[in-house]
Structures are given as structure tokens and as C-alpha cells.
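Peer 1: build me a model from this:
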Amino acid sequence: MFSGGKSGGNDENTPTPVSFNGNGNNITKNDSSATNAASSKISGTSNPIRLAVLKLGATEPRFTSPLNYEKRRGTYLCAGCGISLFSSDGKYDSGSGWPSFWRTSEGNVRNQMEWDGRMECVCKSCGGHLGHAFNDGPARNMIDLEKGVPESDYVVTGGRRMPRFCINGLALQFVAEVE
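Peer 2: Numbers count the residues shown, from 1 in each chain. Modelled structure (predicted):
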């Protein structure tokens with residue numbers, strides 16, 4: 001994006017590159033503190049462990065996320081960008097130690113094969129690492145399929161079982177449904 005005006009002795013008619021930090025505030029290219037603040041805003045946090053999960057593909061220890069035990073109705077958002085990833089309607093207790101889901105919200109999770117053969121789950125919007133998908137989810141006859149399942153979710157299994165999206169709690173933010 002370009003904005004007119006003077007910048008460092010430039011002519012008034014010379015456009016100056018400008019980017020925005022999501023709040024509508026201008027960030028100039030040379031302002032490193034503003035760029036770092038914007039980077040934290042874009043990634044949803046300045047928490048180094050959360051950033052390690054989202055940006056480096058780290059995995060949090062089993063049974064450490066409070067979201068593994070969350071029972072309220074609501075929506076699970078990407079901690080990096082805030083897009084809806086999962087609904088509590090698709091959450092179940094897999095016993096794995098991480099929040100587990102058998103379907104995504106609106107297909108906002110992209111699956112890609114990792115070097116070791118595992119299916120990695122990433123946010124379609126920001127590319128943040130979420131966790132992994134496995135083909136050992138609940139049996140199709142044990143769940144309510146009335147609400148629909150995004151076509152992309154079937155890529156993981158193709159069989160009689162639904163996928164198990166095993167997600168790092170640090171990659172998620174939970175928003176409880178108002179009753």
C-alpha cells in the first residue's frame with residue numbers, strides 16, 4: 001500500500017510504502033519496535049511457547065492444556081489469526097492428552113504430509129501449526145453426521161472412522177457460547 005507525503009526528504013508526490021498492523025495504525029519499514037509489535041499481533045501472542053507451536057511446529061506436553069478438559073459449548077479459534085477452526089460439537093475425549101476433534105469448522109484446517117509420514121494440520125488462513133490428524137477417530141456410526149462434515153476432513157481417513165484431529169491447546173483460543 002502506498003501513502004503520499006514526505007518521508008526522509010522525498011518529494012511530496014513520491015509514494016511512501018506503508019503497511020498496517022491490523023488496528024489501522026501505520027507501521028513504517030524502519031520502525032522495528034512497531035514491526036515486532038505487529039508480528040506479535042499477527043501471531044496472536046508474544047508467548048514464546050505458543051509461538052514455538054504455531055511457527056516452529058513444536059508440541060506441548062500431553063495433558064497440560066486446559067482445553068483438553070473444556071466441556072462448555074463454544075468455538076475453538078486459531079491462536080495465531082483468530083479464524084474459526086473447530087466447534088465443541090466436534091470435540092471428543094480421545095484419551096490422547098491433547099484436545100481432539102472429529103471434524104473441522106468450515107474446512108479452515110489444511111492437512112499436509114510431513115517428512116515422517118504424519119499428516120500435519122495447519123491453519124488455512126495464517127499457516128500456523130496446529131497439530132496432527134490420524135485415522136483412528138470415532139466410528140462413523142457413533143457420531144452425529146447431521147451437521148455435515150467438510151469434504152477436506154475425509155482425506156485423512158477414507159474409511160469407516162472419522163479423523164482424529166489431535167491439536168495443541170496452545171494453538172487454540174476457546175470462545176464459550178453465550179447461553
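Peer 1: my guess is residue 68 meets residue 101, correct?
Peer 2: No: using CB atoms under 8 Å, residue 68 is not in contact with residue 101, being 11.6 Å away. Bear in mind the C-beta positions are built from the backbone N, C-alpha and C, glycine included.
Peer 1: neighbour count for those two, which is higher?
Peer 2: Shown here are residue 68 and residue 101; by other CB atoms under 10 Å, residue 101 has more neighbours (29 against 19).
Peer 1: looking at it, that one is touching residue 169, isn't it?
Peer 2: No: here residue 101 does not reach residue 169: they are 12.0 Å apart, not a contact under CB under 8 Å.
Peer 1: all helices of this structure, in order?
Peer 2: Taking DSSP state H as the test, the helices found in the chain are 32-43, 48-56.
Peer 1: how about low-confidence regions in this structure?
Peer 2: Along the chain, the parts satisfying pLDDT under 70 run over 1-45, 142-159.
Peer 1: could you redo the last one with a cut-off of 50?
Peer 2: Flagging of the chain using pLDDT under 50 yields the residue ranges 1-42.
Peer 1: which residues in it form strands?
Peer 2: 2-3, 16-17, 19-20, 26-27, 74-78, 84-87, 91-92, 100-101, 109-113, 119-123, 129-134, 164-167, 172-176 (DSSP state E).
Peer 1: mind putting the ones you listed in JSON lines, distance to residue 59 included?
Peer 2: Formatted as JSON lines, the strands of the chain follow (distance: least, CB to CB, whole Å):
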{"stretch": "strand 2-3", "distance to residue 59": "42"}
{"stretch": "strand 16-17", "distance to residue 59": "38"}
{"stretch": "strand 19-20", "distance to residue 59": "32"}
{"stretch": "strand 26-27", "distance to residue 59": "32"}
{"stretch": "strand 74-78", "distance to residue 59": "17"}
{"stretch": "strand 84-87", "distance to residue 59": "17"}
{"stretch": "strand 91-92", "distance to residue 59": "19"}
{"stretch": "strand 100-101", "distance to residue 59": "14"}
{"stretch": "strand 109-113", "distance to residue 59": "16"}
{"stretch": "strand 119-123", "distance to residue 59": "11"}
{"stretch": "strand 129-134", "distance to residue 59": "8"}
{"stretch": "strand 164-167", "distance to residue 59": "10"}
{"stretch": "strand 172-176", "distance to residue 59": "14"}
